[in-house]
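K.L.:
Take this sequence and fold it.
(one chain, ligands or ions: 1)
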Amino acid sequence: MIFDFEMIDSCYKLLDSKILEIRKKLNRPLSLSEKVLYSHVYPQNQIKPFKRGTDYVDFMPDRVAMQDATAQMAILQFMMAGKDTTAVPASVHCDHLILAQSGAVEDLKTAGIVNKEVYEFLSSVCNKYDIGFWNPGAGIIHQIVLENYAFPGGMMIGTDSHTPNAGGLGMIAIGVGGADAVDVLAGMGWELKFPNVIGIKLSGKLSGWTSAKDIILKISGLLTVKGGTGNIIEYFGEGAESLSCTGKATICNMGAETGATCSIFGFDNSMIDYLKATGRKEIADLAIKNRNHLVADPEIYANPEKYFDQYFEINLSELEPYINGPFTPDLATPISQMKTAVIKNNWPENVEVGLIGSCTNSSYEDISRAASVVKNALDQKLVAKSEFTVTPGSEQIRSIAERDGFLELFREFGAEVFANACGPCIGQWARKDSDNKRVNTIIHSFNRNFAKRNDANPNTNAFVASPEIVTAIAISGKLTFNPVTDTLINSEGKEIKLAEPKGFDLPPKGFGVIDGGYQKPDHGKNGEKIIINSDSDRLQLLAPFKEWDGNDFLNLPLLIKAKGKCTTDHISMAGYWLKYRGHLQNISENYMIGAVNYFNDQTNNILNQVTGLNDTVPRIARFYRDSGTGSAVAGEENFGEGSSREHAAMEPRYLGVKVVLVKSFARIHETNLKKQGVLTLTFQNKNDFNKIKEDDRIDISGLKNFMPGKQLTVNLNHLDGTKEKFPANHSYNESQIEWFKAGSALNIIRKSNKKNVT
Ligand code: SF4
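P.N.:
Residues are numbered from 1 along each chain as shown. This is a model prediction of the structure:
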C-alpha cells in the first residue's frame, strides 16, 4: 500500500516549474537542500534569494509525524483550531510509552493497560481528523516513516528530535515541538530560519567492521553537539552512493546529535532499491523522472568549498569503527584507541549490557550484520559475557528478522527481544538488578547517551557504537575489546578471532506482507467521538487562553530569577512527567522545578512575596495567578535551550506567567512562548539582570504601542520603595504581536475558522 500517493504525485508534477522559478530568482547553482527548501516555501510567500542563517521563512511541509508522547498535546491544541481535518497528511505512532521489562509480548500487554486511555484517545482523534494511527507494537516513528511515508525531495516535520532519519530517503525532515506541528496541521506557514548548509563528501567505501554508524559517530566528534546547529548537513560523493538507504538513514538520524536542523542524501540507486523493496515502485519511478531535481547541481559538487557554508571530506576506506561516550554522543574514540582512553579516563571496563536496535539502527542490514557476528560466535563456541537485548524498529523488521532466523539466533545467544518501540533508548527500561547509583558500563546502538537517558542511574556510563561492534563487545564483555585486532578464548580454551560481519542491505526474500499495526482513519464515518473522562489524570481538554486586556502589565511579582543554564528540561522536566503530557494542569506541576533560584541556589524553592514563606515554583505561580496578579520570570543566556517541547511554554501561560525577561532566548522556546501568548523580552543591557531583587514587583509599559522593533520598558518596584527603570528588547513581528493580543496563535486560527471549539 502506498500512502498519500496523490500528494506525492502532485509534488513531483509541480517540481519542474518550481525549480525553474527558483533558478530564475536565484540565478546560481543550487544545493539539494536549497532545492527542497525553496520548493516548499509557503505558497503565500514570494520566492526570493533568502539569506542562509539569517532570514526567517515560512514553509509548507508535505506531512507531519507525531509520536505518542508529543502527539497528545499537539492534537489537543489542534482540536482548538476548529478544523475538520488536517491540512496535510499526518500520522501518530505509539512507541514512546512502552516499558521494556519482560519481553515484547508481556510488555505490550502491560502498555495496553497502563496507557489505555491515551491510546484510545489518540486512536479516536486520528479517526476523526483523518490521521494515520500506528498501534503500540507497530514500531518506532522514524522507522515506520522510512518504510512507508518518506519520499525523495519531500519535506516533513515530526514531533521528535530524530525525525531527520527520513533524510536517508532524500527528504528534508525536521524535528519540532508540538506547537510547530499544530501550525502545519492547521494550514499555517511553518517558520524556520533558513538554514546554512554543511557539505560532507564521502569518498572511498566502507569495509570489514566499519559501518554507516561509524561515519556519523566520527562526524559527531568533529562537529560536537553544537556544531550542526542552524545547518542542514548534505552528503554526497561516491562513498555516499555506496551506502544502503537505511545506512544513510542512520547517519541522518544521528545528525540530530550535532544539533543539525536535519541531514540529507541525494537521490540514488540505493533509494530506488529501498522504495521498490518496501512496495513503492511507483514513487521510485516518479523520483527517477525527476532525478536532476533530487540532487544538487553538478557545479555544487564540483566546487563544494565555494557553495557550502562549511565543507568536510571523509574517506570511508580509511575509517575505523568508533565508540562514542560516555554521557555525550560527541566524545568520539576510534576503536583502536579505546584501550588507552578507558585507562586514561578510568571508565569501567566491564560491560554489563549490550543493546542493539532503536530507530537509529534496526534495519535489515543492521540486524543481519549483528546476527552474523552472533552466528560466528556461536559456531566458534563463544558465549556472551554481557547481557544482550534487541529492540526491533518496526513490526515489518521484526517479522522478517523472525522469518529469516535472526531473532532465534539472538535468543540462542541469550538475548532478550523487546517490543518494537523506544524502550531502553528513552529510559523506558526496567533494568534488572540495578540500583540507581552503581557505577557501571553499557553499550548500545542508539543515538543519545546523556546521563539517565537509558536507565535512571546517573552513574551508568553509556557508550554508543554500531550494532556489530555492540554485539562483539557484548561477547567479550569488555569495553576495550577491538574485534578488528583482538582475539577471545572460547569455552574449549581456544583462541578465537571473530569473523568480520556480513549482512544484506535488503532482505533477499523480500519484506513480505504483514499486519504492521496500522489503523486506517475513517474520518469520523462511524460517528467517532473524542471522549476524555473528566477525572482522567492523563488527558485534559484545553480551554483557550484569555485575550490580552489592552493594558500594560503592572505590579507583577517576580516568580523566579533563574540562575545559569535553564533548558526546557529545567522548565518542564521529562521522566516521571512524560505521562502527563496530555494534561496541562497536571504537567504544570513540574514548571521550573529544575531551575536554580538565583537567591538561594536551590531548585523548586522560591519566595512567596505575599505570605513571606518559601514554597515550590508551581504552587506560588498558581497562587499569584489565582490572586489575579500573574507573575514574571527572569533568566540568563540561551533560556529554554534543548528539545522544543511546547509544554515549557504552555505551563507558564497556564500558571499566569505574563512575561519572561532574559539575557537571551533559545529561539524555538521564544517562539513557543510567543505562540502561547506569553510576552518574551530580552535585556538591552544584560547587567540589568543584576538589578532584579527577590521581592520586586515588575511593570512592563509600552504595550499599548507594541510594534516591531520598538522597545518596551521594564520598571522594577523594589520593596524599599525605590524604583529602577530600563529598556527591554523584543523580536516580535506584526503577526506575532497579533498572537500576543489574541492571547495565543491558536486563538487567531480558531477565530478565522469561525467554529466553536468542542
Ligand atoms: S528509539 Fe530513541 S531516538 Fe528513536 S524515537 Fe525512540 S526514543 Fe527517540
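K.L.:
Show the end-to-end separation of stretch 478-492, please.
P.N.:
20 Å (CA to CA, to the nearest Å).
K.L.:
again, but for stretch 446-465
P.N.:
Start-to-end, stretch 446-465 (CA to CA) is 8 Å.
K.L.:
As a check, name the ranges of all helices in the stretch 251-400 of the chain.
P.N.:
Taking DSSP state H, counting those that start in this stretch as the criterion, the stretch 251-400 of the chain carries its helices at 269-277, 281-289, 298-302, 304-307, 338-345, 364-379, 395-403.
K.L.:
Now mean pLDDT and distance to Asp505 too, for those helices, in TSV please.
P.N.:
Every residue, glycine included, has its C-beta placed from N, CA and C. Shown next, in TSV, are these (pLDDT from 0 to 100; distance: least, CB to CB, whole Å):
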stretch	mean pLDDT	distance to Asp505
helix 269-277	98	7
helix 281-289	98	15
helix 298-302	97	24
helix 304-307	98	27
helix 338-345	98	28
helix 364-379	98	5
helix 395-403	96	13
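K.L.:
So which of those helices is nearest Thr629?
P.N.:
helix 338-345 (51.2 Å; CB to CB).
K.L.:
Return the set of buried residues in the closest one.
P.N.:
Neighbour-count burial for helix 338-345 flags 338-339, 341-342 (criterion: 16 or more other CB atoms under 10 Å).
K.L.:
which parts of this protein sit against the ligand?
P.N.:
For the chain, the residues in contact with the ligand (CB under 6 Å from any ligand atom) are 95, 140-142, 160, 162, 358-359, 422, 425-426, 446-447.
K.L.:
picking that back up, of the buried residues of helix 338-345, which pair is most distant in space?
P.N.:
Within the buried residues of helix 338-345, Lys339 and Ala341 form the most distant pair, 7.4 Å apart (CB to CB).
K.L.:
Run through the helices of the stretch 401-550 of the chain in chain order.
P.N.:
With helices called from DSSP H, counting those that start in this stretch, the stretch 401-550 of the chain shows them at 406-412, 467-476.
K.L.:
biggest strand in the protein by residues?
P.N.:
As assigned by DSSP state E, the longest strand anywhere in the chain is strand 553-563.
K.L.:
need the longest helix for this structure.
P.N.:
For the chain, the helix with the greatest residue count under DSSP state H is helix 5-26.
K.L.:
Quick check: next helix or strand after that helix?
P.N.:
Moving toward the C-terminus from helix 5-26, the first helix or strand encountered (DSSP states H and E) is helix 32-38.
K.L.:
same for that following helix, what does it pack against?
P.N.:
If you count contacts as 3 or more CB pairs under 8 Å, 6 or more residues apart in numbering; DSSP states H and E, helix 32-38 packs onto helix 5-26, strand 172-175, strand 231-236, strand 262-265.
K.L.:
thinking again about what came up before, tell me the one among the buried residues of helix 338-345 nearest to the ligand.
P.N.:
Met338 (24.0 Å; CB to the nearest ligand atom).
K.L.:
Can you name the residues that contact the spatially closest residue to Val182 that is not a sequence neighbour?
P.N.:
Among residues not flanking Val182 along the chain, Gln77 sits closest, at 4.6 Å (CB to CB, 6 or more residues apart in numbering). Contacts for Gln77 (CB atoms under 8 Å, 6 or more residues apart in numbering) come out as 178-179, 182, 542, 646, 746.
K.L.:
picking that back up, list the buried residues in the longest helix of the chain.
P.N.:
Applying a neighbour-count criterion of 16+ other CB under 10 Å, one finds 8, 11-12, 15, 18-19, 22 buried in helix 5-26.
K.L.:
same question, stretch 435-455
P.N.:
For stretch 435-455, a neighbour-count test (16+ other CB under 10 Å) marks 440-449, 452-455 as buried.
K.L.:
from those residues, which two are the most distant?
P.N.:
Spatially, the most separated pair among the buried residues of stretch 435-455 is Asn440 and Asn447, at 20.4 Å (CB to CB).
K.L.:
Among the helices of the stretch 401-550 of the chain, pick out the one with the most neighbours on average.
P.N.:
Mean neighbours per residue, mean count of other CB atoms under 10 Å, is largest over the helices of the stretch 401-550 of the chain for helix 467-476, with a mean of 30.
K.L.:
gap between that helix and the chain center?
P.N.:
In terms of CA atoms, centre = their mean, to the nearest Å, the centre of helix 467-476 is found 27 Å from the chain centre.
K.L.:
With stretch 133-141 instead?
P.N.:
The chain centroid and the centroid of stretch 133-141 are separated by 17 Å, computed with CA atoms, centre = their mean.
K.L.:
For the stretch 101-250 of the chain, which segments count as strands?
P.N.:
Remark: strands assigned in the stretch 101-250 of the chain by DSSP state E, counting those that start in this stretch are 132-134, 155-158, 172-175, 190-193, 196-203, 231-236.
K.L.:
Out of those strands, which gets nearest to Thr568?
P.N.:
Of all the strands of the stretch 101-250 of the chain, strand 172-175 sits nearest to Thr568, with 13.1 Å by CB to CB.
K.L.:
now, which of the buried residues of helix 5-26 sits nearest the ligand?
P.N.:
Ile8 (23.7 Å).
K.L.:
circling back to that earlier point, with distance to Phe410 as new columns, can the strands of the stretch 101-250 of the chain be given to me in CSV?
P.N.:
Formatted as CSV, the strands of the stretch 101-250 of the chain follow (distance: least, CB to CB, whole Å):
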stretch, distance to Phe410
strand 132-134, 24
strand 155-158, 29
strand 172-175, 30
strand 190-193, 41
strand 196-203, 30
strand 231-236, 31
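K.L.:
so can I have TSV of these showing mean neighbour count, distance to Leu275 and mean pLDDT?
P.N.:
Converted to TSV, the strands of the stretch 101-250 of the chain look like this (neighbours: other CB atoms under 10 Å; distance: least, CB to CB, whole Å; pLDDT from 0 to 100):
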stretch	mean neighbour count	distance to Leu275	mean pLDDT
strand 132-134	25	19	97
strand 155-158	27	16	98
strand 172-175	28	16	96
strand 190-193	20	26	90
strand 196-203	22	21	98
strand 231-236	28	18	98
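K.L.:
and of the ones you listed, who's closest to Glu637?
P.N.:
strand 190-193 (18.5 Å).
K.L.:
In contact with Lys704, which residues?
P.N.:
550-552.
K.L.:
same question but for Gly517, I mixed them up
P.N.:
By CB under 8 Å, 6+ apart, the contact list for Gly517 reads 134-139, 395.
K.L.:
Thank you, goodbye.
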